[in-house]
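Engineer: Sharing a sequence plus its predicted fold:
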Amino acid sequence: MASPAAHVWTLFWRDFRARLRDRSAIVLAILAPAALVTVLSFLVAGPDVQEIPVGVVAADAPVSEALEQGPLASLQDDDTLTVTTYDDEGALRTAVTDGDEEAGIVVAADGRSVIVLTNPGSPVAGAIAEAVSRSTALTVDGVGQAVVASQALGGSGDPQALAQQLVAAASPAEVVDATEGSDAIDPRTQVAAGMATFFLFFTVQFGVLGLLEERREGTLARILAAPVPAWQVLVSKVLVSFALGLVSMGFMVGFSSLLLGADWGDPLGVALLVVSGVTAAVATVSLVAGLARNPEQAGAIQAGVALVLGIVGGAFFSMARAGGAAAWATKLTPHYWFNEGLVRMTGGQDWTAVAGPVAALLLFAAVVGIPGLVLAGRVIRA
């Protein structure tokens, strides 16, 4: 006589192979999330700011020297800009119009004005050129005013030496990257995680909800007449949902990392989040299977639950900082805690950073899944 484990394996493998041949399961588990995350990743990536061609017409003036030795040199060093010097404004205007340069900076011969030339098709380059020109002009003007003020107050130093000292002096203000060390993850990773968890709750329905289909078709009664205990049937269905969830999430992690540049963090921490997130999703579909009367009703309920949890949990946009009831409600969803786990691993933290989110996901699974399994068991015995 076959062991209980053998019965469960036989039932699991029969259903799992059937689901792998099911096109709708493949679409929801792999194709749809992969296509959507690819499109959204390109949208959140923003414009390319590498080696933007910018032309400069320099004059023998302090502003020109400050521009070339200051921000333009720095932006060239980090490969943001590629700066080309032109002899006159007309040649630069032609280059910008023809698209050879995406923006241009012209310092007037008397050094009293700076003209920024922009190409309507390159708004980023124009914004950079304008910001650089404006900030440099203000700095030079401020230094000039400081020199004049020093002379007016009786200063006896050389004005040129004083100006050089002011430019070289360290700024008392410190500019800090606000995203460094903050609770934020890479936009591509956030999009991939949101779409993966959103479609996860559709993917897992192909296992447990099969109980309702087999009960209506009479297959379930024949299996139980084998005889196979009801709990073995239920366990096999749960394992099918769990396996499909792992396949979907594993594919999305690998796909977004290798092809889209997403950075999920410590592999062990990601694995813990994936397993606990799939467990929470399977628990949800088990409750739906226990409450629904037929496959159509179960599918509609599961779709509604997946959509509501995805929206509230932040699969598309975060509600955590909205305040009030929205911020409270989002913390009741598995999607929020999955993303929170990724956030806590930001900055190179190891897998232990996800302990809290994993505990929250397993608590959700227990609260929803225990009554769900009890009710689903009644479906088998009905």
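Structural biologist: Thanks, I have it. Given the structure is predicted, the values throughout are model-derived calculations rather than measurements. Numbering: from 1, shown residues only.
Engineer: most centrally placed residue in the protein?
Structural biologist: Gln190 (1.9 Å; CA atoms, centre = their mean).
Engineer: ok, for that one, nearest residue in space, not its chain neighbours?
Structural biologist: Leaving aside its sequence neighbours, Gln190 sits nearest to Asn339 (CB to CB, 6 or more residues apart in numbering; 7.0 Å). C-beta coordinates here come from the backbone N, C-alpha and C atoms, glycine included.
Engineer: Equivalent analysis for Val56, please.
Structural biologist: Ile105 (5.0 Å).
Engineer: Dig out what the one you found forms beta bridges with.
Structural biologist: Listed beta-bridge partners, Ile105: Val56, Val116 (assigned using DSSP bridges).
Engineer: who's in contact with it?
Structural biologist: 54-57, 67, 114-117, 129, 132-133 (CB atoms under 8 Å, 6 or more residues apart in numbering).
Engineer: Model confidence score at it, please.
Structural biologist: The per-residue pLDDT reported for Ile105 equals 91.
Engineer: Distance check, it against Thr97.
Structural biologist: Separation of Ile105 from Thr97 (CB to CB, to the nearest Å) stands at 15 Å.
Engineer: one step back: got a ChimeraX select line for the buried ones in the contacts of Ile105?
Structural biologist: Applying 16 or more other CB atoms under 10 Å to the contacts of Ile105, the buried members can be selected in ChimeraX as follows:
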select :54,55,56,57,67,114,116,117,129,132,133
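Engineer: could the contacts of Ile105 go into JSON lines alongside pLDDT and distance to Gln349?
Structural biologist: Output for the contacts of Ile105, formatted as JSON lines (pLDDT from 0 to 100; distance: CB to CB, whole Å):
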{"residue": "Val54", "pLDDT": "90", "distance to Gln349": "39"}
{"residue": "Gly55", "pLDDT": "90", "distance to Gln349": "45"}
{"residue": "Val56", "pLDDT": "91", "distance to Gln349": "44"}
{"residue": "Val57", "pLDDT": "89", "distance to Gln349": "49"}
{"residue": "Leu67", "pLDDT": "76", "distance to Gln349": "41"}
{"residue": "Val114", "pLDDT": "84", "distance to Gln349": "45"}
{"residue": "Ile115", "pLDDT": "87", "distance to Gln349": "48"}
{"residue": "Val116", "pLDDT": "89", "distance to Gln349": "43"}
{"residue": "Leu117", "pLDDT": "90", "distance to Gln349": "46"}
{"residue": "Ala129", "pLDDT": "83", "distance to Gln349": "39"}
{"residue": "Val132", "pLDDT": "80", "distance to Gln349": "36"}
{"residue": "Ser133", "pLDDT": "81", "distance to Gln349": "41"}
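Engineer: just the contacts of Ile105 now: which is nearest Gly304?
Structural biologist: Taking CB to CB as the measure, Gly304 lies nearest Ala129 of the contacts of Ile105, at 50.7 Å.
Engineer: need the contact list for the closest one.
Structural biologist: Contacts of Ala129 (CB under 8 Å, 6+ apart): 54, 103-105, 116-118.
Engineer: what do you get for Gln205?
Structural biologist: Gln205 touches 241, 285, 288, 298-299, 302, counting by CB under 8 Å, 6+ apart.
Engineer: 10 Å - rerun?
Structural biologist: 25, 28, 241, 244, 281-282, 284-285, 288-289, 295, 298-299, 301-303, 305-306 (CB atoms under 10 Å, 6 or more residues apart in numbering).
Engineer: just Val379 next, same as before
Structural biologist: Applying CB under 10 Å, 6+ apart, we find Val379 in contact with 208, 211-212, 214-215, 220, 230, 233-234, 289-293, 298.
Engineer: Show me what counts as buried in the helix or strand harbouring it.
Structural biologist: For Val379, the host element (DSSP states H and E) is helix 355-381. By neighbour count with 16+ other CB under 10 Å, helix 355-381 contains the buried residues 357-358, 360-362, 364-365, 368-369, 372-373, 375-377, 379-380.
Engineer: Stretch 330-348 too?
Structural biologist: Neighbour-count burial for stretch 330-348 [16+ other CB under 10 Å]: 330, 333-346.
Engineer: Kindly report the same for stretch 199-219.
Structural biologist: 199-212, 214-215.
Engineer: same thing with stretch 231-248?
Structural biologist: Here stretch 231-248 shows 232-248 as buried, counting by 16+ other CB under 10 Å.
Engineer: Select from those every entry located in helices.
Structural biologist: 232-248 (DSSP state H).
Engineer: which secondary element of the chain has the worst mean pLDDT?
Structural biologist: In the chain, the helix or strand scored least confidently by mean pLDDT, DSSP states H and E is helix 159-168, which has a mean of 48.
Engineer: what's the next secondary structure element after that helix?
Structural biologist: Using DSSP H and E, the helix or strand that follows helix 159-168 in sequence is helix 187-203.
Engineer: In PDB, list the C-alpha atoms belonging to the next helix or strand along the chain from that next one.
Structural biologist: The element immediately downstream of helix 187-203 (helix or strand, assigned by DSSP H and E) is helix 205-208. Provided in PDB are the C-alpha atoms of helix 205-208 (Å, rounded to 0.1, in the frame of the first residue of the first chain):
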ATOM      1  CA  GLN A 205      -5.500  30.300  -7.600                       C
ATOM      2  CA  PHE A 206      -4.700  27.500 -10.100                       C
ATOM      3  CA  GLY A 207      -4.000  25.000  -7.300                       C
ATOM      4  CA  VAL A 208      -6.400  25.300  -4.400                       C
END
